[in-house]
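S.K.: How does the following fold in three dimensions:
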Amino acid sequence: MASTSSSLPPPVGGWDTRESLADMPVKHAILLDNWFPETDKVTMRRGSTDHATGMTGAVETLISFVPESGARQLFAAANGAIYNVTSRLCRQSRCNRIRK
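M.R.: Here you go, the predicted structure:
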(Lines give C-alpha, C1' and ligand atoms only; values in the text may rest on other atoms or scores of the structure.)
Protein backbone atom coordinates (compact mmCIF):
# COMPACT_ATOMS: atom_id res chain seq x y z
CA MET A 1 0.00 0.00 0.00
CA ALA A 2 1.44 3.36 -1.02
CA SER A 3 1.51 6.24 1.40
CA THR A 4 0.40 9.75 0.56
CA SER A 5 1.58 12.99 2.05
CA SER A 6 -0.44 16.03 2.93
CA SER A 7 0.28 19.49 4.29
CA LEU A 8 -1.29 20.85 7.44
CA PRO A 9 -1.34 24.44 8.64
CA PRO A 10 0.81 25.25 11.69
CA PRO A 11 -1.02 24.71 15.00
CA VAL A 12 -1.33 28.43 15.75
CA GLY A 13 -4.46 27.69 17.80
CA GLY A 14 -2.22 26.27 20.52
CA TRP A 15 -2.37 23.13 22.61
CA ASP A 16 -5.86 21.63 22.80
CA THR A 17 -6.59 19.30 25.71
CA ARG A 18 -10.35 19.75 25.56
CA GLU A 19 -11.45 18.45 22.16
CA SER A 20 -11.32 14.84 21.02
CA LEU A 21 -9.01 14.09 18.10
CA ALA A 22 -11.97 13.69 15.77
CA ASP A 23 -13.43 17.09 16.72
CA MET A 24 -10.18 19.06 17.08
CA PRO A 25 -9.73 22.02 14.71
CA VAL A 26 -6.84 21.52 12.29
CA LYS A 27 -5.02 24.58 13.71
CA HIS A 28 -4.87 23.07 17.23
CA ALA A 29 -2.19 20.70 18.49
CA ILE A 30 -2.36 17.54 20.59
CA LEU A 31 1.28 17.98 21.63
CA LEU A 32 3.60 21.03 21.64
CA ASP A 33 6.88 19.79 23.13
CA ASN A 34 9.52 22.45 22.43
CA TRP A 35 7.23 24.40 20.09
CA PHE A 36 5.73 27.86 20.63
CA PRO A 37 2.64 28.84 18.62
CA GLU A 38 2.56 32.40 17.31
CA THR A 39 -0.14 34.20 15.33
CA ASP A 40 0.99 32.88 11.93
CA LYS A 41 3.66 30.25 12.60
CA VAL A 42 5.09 27.81 15.11
CA THR A 43 8.62 28.40 16.40
CA MET A 44 10.87 25.65 17.72
CA ARG A 45 12.64 26.16 21.05
CA ARG A 46 16.23 27.08 20.32
CA GLY A 47 17.87 24.91 22.98
CA SER A 48 18.61 25.05 26.65
CA THR A 49 21.40 25.56 29.15
CA ASP A 50 22.04 23.90 32.48
CA HIS A 51 21.22 26.07 35.47
CA ALA A 52 22.60 23.72 38.13
CA THR A 53 24.40 20.38 37.82
CA GLY A 54 25.98 17.78 40.04
CA MET A 55 22.93 16.71 42.03
CA THR A 56 22.47 12.99 42.51
CA GLY A 57 19.52 11.66 40.55
CA ALA A 58 16.98 13.46 38.41
CA VAL A 59 15.42 16.69 39.64
CA GLU A 60 11.82 15.84 40.52
CA THR A 61 10.64 19.23 41.78
CA LEU A 62 11.63 22.90 41.44
CA ILE A 63 10.53 25.20 44.26
CA SER A 64 10.50 28.98 43.95
CA PHE A 65 10.50 30.75 47.32
CA VAL A 66 10.23 34.48 48.07
CA PRO A 67 10.80 35.23 51.77
CA GLU A 68 9.66 38.48 53.40
CA SER A 69 13.12 39.91 52.66
CA GLY A 70 12.16 39.70 48.99
CA ALA A 71 15.28 37.85 47.80
CA ARG A 72 13.87 35.11 45.55
CA GLN A 73 15.39 31.67 46.00
CA LEU A 74 15.19 28.52 43.89
CA PHE A 75 15.39 25.00 45.34
CA ALA A 76 15.57 21.63 43.58
CA ALA A 77 14.50 18.27 45.01
CA ALA A 78 16.45 15.28 43.71
CA ASN A 79 16.88 11.78 45.07
CA GLY A 80 15.39 12.63 48.48
CA ALA A 81 17.57 15.72 48.99
CA ILE A 82 16.81 19.43 48.59
CA TYR A 83 19.42 21.74 47.06
CA ASN A 84 19.63 25.53 46.95
CA VAL A 85 20.14 26.21 43.24
CA THR A 86 19.51 29.95 43.35
CA SER A 87 22.95 30.77 41.99
CA ARG A 88 23.69 29.95 38.36
CA LEU A 89 27.18 29.08 39.60
CA CYS A 90 25.85 25.92 41.23
CA ARG A 91 27.93 23.38 39.31
CA GLN A 92 29.13 19.86 40.07
CA SER A 93 29.21 19.30 43.86
CA ARG A 94 29.03 23.01 44.73
CA CYS A 95 25.24 23.02 45.15
CA ASN A 96 24.31 23.74 48.74
CA ARG A 97 22.47 20.65 50.02
CA ILE A 98 19.69 21.74 52.40
CA ARG A 99 18.27 18.39 53.50
CA LYS A 100 18.87 14.69 52.95
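S.K.: Could you list the domains of this protein?
M.R.: As recorded under automatic domain parsing, the domains making up the chain are 10-48, 59-99.
S.K.: what's the neighbour count on Met55?
M.R.: For Met55, the count of nearby residues is 20 (other C-beta atoms under 10 Å). To be clear about C-beta, it is placed using only N, CA and C from the backbone, and glycine gets the same treatment.
S.K.: okay but it is in contact with Ala81, surely?
M.R.: Yes. Met55 is within contact range of Ala81, at 7.4 Å (criterion: C-beta atoms under 8 Å).
S.K.: Please report phi then psi for Val42.
M.R.: The phi/psi pair for Val42 (degrees, to the nearest 10) reads phi -120, psi 130.
S.K.: hey, what's the closest residue in space to Leu32 that isn't next to it in sequence bridged with?
M.R.: Distance criterion C-beta to C-beta, 6 or more residues apart in numbering; nearest residue to Leu32, sequence neighbours excluded, is Trp15 at 4.8 Å. When bridges are called by DSSP bridges, Trp15 pairs up with Ala29.
S.K.: give me every residue that touches Trp15.
M.R.: Contacts for Trp15 (C-beta atoms under 8 Å, 6 or more residues apart in numbering) come out as 28-32, 37.
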